[in-house]
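1. sequence first, then the predicted structure, then my questions.
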Amino acid sequence: MSNQFFLSKSARLRSTPFTKQIEEYGVKSYTVYNHMLLPTVFESVEADCAHLKEFVQIWDVSVERQIEISGPDSARLVQMMTCRDLSKAKQGICYYAPIIDEKGFMINDPLIMLLEDNKWWLSIADSDVLLYAKGLANGFQFEVNIHEPEVYPLAVQGPKSFALMEKVFGSEILEMKFFHFKKFEFQNHHFIIARSGWSKQGGFEIYVDDHEKGQKLFDELMAQGKDLNVRPGCPNAIERLESGLLSYGNDITIKDNILECGLDNLISLADEVEYLAKDSLKQLSAKGIKKSLSGIKIQTKNITVLEHLPIFFNGDQIGELRSSIYSPSFKCCLGIAMIDKTHQSTTGIHQVVINNHDYQIELSPLPFSQ
């Protein structure tokens with residue numbers, strides 16, 4: 001009996017302006033992210049990873065939805081949702097800023113950008129931040145406008161992304177610093193472009209706000225990148241785990257507080273910074289945490305994580321495996337796990353049980369090192 005499954009498309013499972021183009025280039029599978037289609041494989045996960053590390057790829061990451069918050073109280077609302085101090089936020093800079101609930105638990109981990117006075121974008125991971133923002137705005141009677149604009153990001157990632165972007169947008173784009181953004185012109189249209197992306201190979205994200213111009217830009221990037229061995233790609237599970245990039249919904253969930261996720265350095269407890277969870281975070285910080293995220297090397301070539309898997313040591317559960325995939329570079333499975341703090345001080349190889357199988361593991365700081 002075949003175990004092959006198919007994804008049924010419908011109007012509520014939104015396509016993107018680039019779906020037709022990437023399907024012509026042979027996308028093999030999708031996942032669902034923010035109620036949209038996100039490509040996951042073109043050739044194979046391993047081959048896609050090897051290509052990403054050496055050349056340049058164009059990713060359709062339209063799933064990175066923008067939540068636009070504008071109006072006189074927009075800064076107050078944005079700050080209410082995150083524990084990172086945004087009081088000195090400047091236009092042109094991207095801020096990685098966790099969105100947390102009133103008890104300090106993770107709702108999302110977006111990039112937040114101040115586009116102009118009283119106008120913000122939250123470039124979100126996979127959860128319904130728009131509904132949370134609307135609820136807070138209504139509860140606090142803030143004077144704001146909240147909506148999801150028609151913006152569909154393209155990412156240009158890989159070591160040769162810089163050469164490709166210079167061809168299309170000119171040498172000025174190479175002067176932009178990491179986590180900065182600016183408008184650049186293509187065919188008389190100005191796109192917001194950030195030096196960012198969900199890989200450690202370097203690259204850019206283009207915030208496409210015009211379908212027709214965006215499709216022409218996609219084709220132009222593919223044409224200009226032929227000598228750079230460009231091809232469509234997507235966020236790659238091997239590369240992101242090797243780089244220690246956290247994934248909301250996989251490694252981080254709403255059941256985890258921000259301290260457990262290792263994001264302590266983004267917490268401000270200053271009196272002048274007003275946000276919903278401040279009192280809770282003061283209590284959490286004073287009390288301390290019993291578990292936190294850790295890298296884990298598993299001596300096997302195959303372990304499938306379709307749900308969080310308990311990790312047992314000497315019969316006791318010591319954690320939960322959140323993500324894992326085989327890395328040809330490390331010659332083992334790399335994973336991200338939530339591990340009891342008492343077991344993180346131990347070093348060396350340990351015998352554990354995961355999903356009723358015995359494995360040898362070694363805990364590792366993130367990102368992984370060989």
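-> Received, thanks.
2. which residues does Ser29 contact?
-> 39-41 (C-beta atoms under 8 Å, 6 or more residues apart in numbering). C-betas here are computed from N, CA, C, even on glycine.
3. looking at those residues, which are in helices?
-> Using DSSP state H, no member of these falls in helices.
4. quick one: which of those is most hemmed in?
-> Counting neighbours by other C-beta atoms under 10 Å, Pro39 leads the contacts of Ser29 with 25 neighbours.
5. name whatever forms a beta bridge with that residue.
-> Tyr30 (DSSP bridges).
6. which helix runs longest in the protein?
-> Max-length helix for the chain by DSSP H is helix 211-224.
7. rounded mean pLDDT for the following helix or strand past it, please.
-> Of the helices and strands lying after helix 211-224 in sequence (DSSP states H and E), the nearest is strand 230-233. Mean per-residue pLDDT for strand 230-233: 98.
8. and the helix or strand following strand 230-233, C-alpha only, in CSV?
-> Next helix or strand after strand 230-233 toward the C-terminus (DSSP H and E): helix 237-242. The C-alpha trace of helix 237-242 is given here as CSV (Å, rounded to 0.1, in the frame of the first residue of the first chain):
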residue,chain,number,x,y,z
ALA,A,237,16.0,22.0,7.0
ILE,A,238,19.6,20.8,7.0
GLU,A,239,21.1,24.3,6.6
ARG,A,240,18.8,25.9,9.2
LEU,A,241,19.6,23.2,11.8
GLU,A,242,23.3,23.3,11.2
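9. what does helix 237-242 contact?
-> With C-beta under 8 Å, 6+ apart as the criterion, helix 237-242 contacts 40, 45-46, 49, 52-53, 198-201, 247, 323-330, 334-336, 367-368.
10. can you flag the buried ones in those?
-> Burial by neighbour count, judged by 16 or more other C-beta atoms under 10 Å, picks out 40, 45, 49, 52-53, 198-199, 201, 247, 323-327, 330, 334-336, 368 from the contacts of helix 237-242.
11. those in strands, which ones?
-> 40, 323-327, 334-336 (DSSP state E).
12. list the contacts for Tyr248?
-> Neighbours of Tyr248 in contact, by C-beta under 8 Å, 6+ apart: 106, 108-109, 125-127.
13. excluding chain neighbours, what is closest to it?
-> Ala125 (3.8 Å; C-beta to C-beta, 6 or more residues apart in numbering).
14. show me what contacts the nearest residue in space to Ser196 that is not next to it in sequence?
-> Leaving aside its chain neighbours, Ser196 sits nearest to Glu205 (5.1 Å; criterion: C-beta to C-beta, 6+ apart). Residues in contact with Glu205 (C-beta under 8 Å, 6+ apart) are 61, 64, 153-156, 193-194, 196-197.
15. domain parsing for this structure?
-> Following automatic domain parsing, one finds the domains of the chain at 19-64+151-242, 66-147+257-287, 290-364.
16. give me the distance between the two termini of the first one.
-> The first and last residues of domain 19-64+151-242 sit 28 Å apart, counting by C-alpha to C-alpha, to the nearest Å.
17. same check on the second one?
-> For domain 66-147+257-287, the first-to-last residue distance is 35 Å (C-alpha to C-alpha).
18. so where is the stretch 1-150 of the chain shaky, pLDDT-wise?
-> 1-5 (pLDDT under 70).
19. can you show me the strands along it?
-> Along the stretch 1-150 of the chain, counting by DSSP state E, counting those that start in this stretch, strands occupy 29-33, 36-41, 56-60, 66-70, 94-96, 99-100, 106-108, 111-116, 119-123, 145-147.
20. show me what the fifth one is packed up against.
-> In terms of contact count using 3 or more C-beta pairs under 8 Å, 6 or more residues apart in numbering; DSSP states H and E, strand 94-96 is assigned the packing partners strand 111-116.
21. list the buried residues in the strand it packs on.
-> 111-115.
22. returning to that earlier point: closest one to Lys9 among the domains of the chain?
-> Among the domains of the chain, domain 19-64+151-242 comes nearest to Lys9, with 7.7 Å by C-beta to C-beta.
23. which pair of the contacts of Tyr248 spans the longest distance?
-> Largest pairwise distance in the contacts of Tyr248, by C-beta to C-beta, is 11.9 Å, between Met106 and Asp126.
24. comparing these two, which residue is more hemmed in?
-> Using other C-beta under 10 Å as the criterion, Met106 and Asp126 rank with Met106 on top: 23 against 20.
25. Val273: what's it in contact with?
-> 79, 85, 87.
26. can I assume Gly71 is in contact with Asn118?
-> Yes - contact criterion C-beta atoms under 8 Å: Gly71 and Asn118 qualify, at 6.1 Å.
27. looking at the contacts of Glu205, which one is closest to Thr347?
-> Using C-beta to C-beta, Gly197 comes nearest to Thr347 of those, at 33.7 Å.
28. what's the burial count for that closest one?
-> Number of residues near Gly197 (other C-beta under 10 Å) recorded here: 21.
29. specify the beta-bridge partners of the residue nearest to it when sequence neighbours are not counted.
-> Nearest residue to Gly197 in three dimensions, chain neighbours excluded: Gly203, at 4.3 Å (C-beta to C-beta, 6+ apart). Using DSSP bridges, the bridge partners assigned to Gly203 are Gln157.
30. circling back to that earlier point, the residue nearest to Ser196: what secondary structure?
-> strand (DSSP: H, G, I helix; E, B strand; the rest coil).
31. distance of it relative to Glu260?
-> 28 Å (C-beta to C-beta, to the nearest Å).
32. still on that earlier bit, out of the contacts of Glu205, which is most surrounded?
-> Most crowded among the contacts of Glu205, counting by other C-beta under 10 Å, is Pro153 at 27 neighbours.
33. name the helix or strand for it, please.
-> Going by DSSP H and E, Pro153 is part of strand 152-157.
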